[in-house]
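**Q** got a sequence here, can you model it:
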Amino acid sequence: MATTTNKQRTLTQLFGTLKKVYSTGEPENRPVLEQFIYGLCHENATQEQADLAYRNLKERFFDWNEVRVSSPHEIEEAISHLTDSGPRAERIIAFLQEVFEETFSYDLDWVQKKTGLKEASKKLAKFQAANDYVIAWVTQQSLGGHAIPLDQATVRVARRLGLVEGDAEDVEAVRTSLEHLVPKAKGPQFTELVSQVASDHCHADGPQCRGCPLSPDCPTAQEPAAVEAGAARNVRVKSRSPMQEPLWLNDR
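**A** Next up is the predicted model:
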């Protein structure tokens, strides 16, 4: 079991190595509603892939109302380069429909004015299209909270690097561990760098450890048998129970 000191050393090496390989740029300041939609595009996708999907939605449709009234097939075509593009398209439309029915507009910036991070996050969680990843993304990008968006790709890389324990199945336990390790100021960069490594090298099946820039410091890459075991295992992120509250929902 890796000690906290070893995990911090691994994290330092991760930032130092990957910043030389990938350019993430500064997070873009978007309205809350648009950050929610961007989060729907970014789950299990790189920043570049999410940017393209988001740009297609903005450029191919007149406004968010046109996206809402379009067919799922039309939305799916705009984001077809993403995995699970069909379900994503349905979630985007369902989200916009819910927002419109509740506010008769496409503005959620009022959520930022809610008293406390917990209340604002719980409001977003009521949308059917919301999940743990999207809420954490909006929290990180718009609400000023310390949140690490966790998708299957992020958890997979974190486990193989030893940043979280391999037997930790509870997404809240994984999140708490990472949020204690990763400083708030580096949270957005961590999300983007790890998603890139997951896409280029740390695949669920057949990870390309030999070409991965993190392989010299990755314990899994040093153990071929462990690589095979990790590839065979389908890493799943469990949905959080309504009774569970992530670290970033705690009052600060």
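**Q** for A50, see how far away the residue nearest the centre of the chain is.
**A** In the chain, the residue lying closest to the centroid (CA atoms, centre = their mean) is P149, at 3.9 Å. Distance check for P149 against A50: by CB to CB, to the nearest Å, it reads 11 Å. All C-beta atoms are positioned from the backbone trio N, CA, C, and that covers glycine.
**Q** overlap of the contact sets of the two?
**A** H42 (CB atoms under 8 Å, 6 or more residues apart in numbering).
**Q** now the helices for the stretch 151-252 of the chain?
**A** For the stretch 151-252 of the chain, applying DSSP state H, counting those that start in this stretch gives helices covering 152-161, 171-181, 187-200, 224-232.
**Q** out of these, which one sits most buried?
**A** A comparison of the helices of the stretch 151-252 of the chain by mean neighbour count, using mean count of other CB atoms under 10 Å, puts helix 152-161 on top with a mean of 24.
**Q** could you check the angle that one makes with helix 187-200?
**A** Here helix 152-161 points in a direction 90 degrees away from that of helix 187-200 (axes from the mean of the first three to the mean of the last three CA atoms, to 10 degrees).
**Q** name the residues of the helix or strand E66 falls within that are buried.
**A** Using DSSP states H and E, E66 sits in helix 64-69. With burial defined by 16 or more other CB atoms under 10 Å, the residues of helix 64-69 counted as buried are W64, V67, R68.
**Q** excluding its backbone neighbours, what's nearest Q208?
**A** Nearest residue to Q208, sequence neighbours excluded (CB to CB, 6 or more residues apart in numbering): H201, at 4.6 Å.
**Q** quick one: contacts for that neighbour?
**A** Applying CB under 8 Å, 6+ apart to H201 gives the contacts P207, Q208, C209, G211, C212, P213, L214.
**Q** mind doing that once more with 7 Å?
**A** Taking CB atoms under 7 Å, 6 or more residues apart in numbering, we find H201 in contact with P207, Q208, G211, C212.
**Q** can I get these in CSV with pLDDT?
**A** Putting these into CSV (pLDDT from 0 to 100) gives the following:
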residue, pLDDT
P207, 93
Q208, 93
G211, 92
C212, 95
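**Q** burial check on the residue nearest to A50 when sequence neighbours are not counted, number of neighbours?
**A** Using CB to CB, 6+ apart and skipping residues adjacent in sequence, the residue nearest A50 is H42, 3.9 Å away. When neighbours are defined as other CB atoms under 10 Å, H42 has 26 of them.
**Q** where does the prediction get shaky in the stretch 101-250 of the chain?
**A** Segments of the stretch 101-250 of the chain classed as low confidence (criterion: pLDDT under 70) are 114-115, 167-169, 224-250.
**Q** run the last query once more with 80
**A** For the stretch 101-250 of the chain, the stretches with pLDDT under 80 are 114-115, 166-169, 224-250.
**Q** coming back round to it: what is the most widely separated pair among the contacts of H201?
**A** Taking CB to CB as the measure, these reach their widest spread between P207 and G211, a distance of 10.0 Å.
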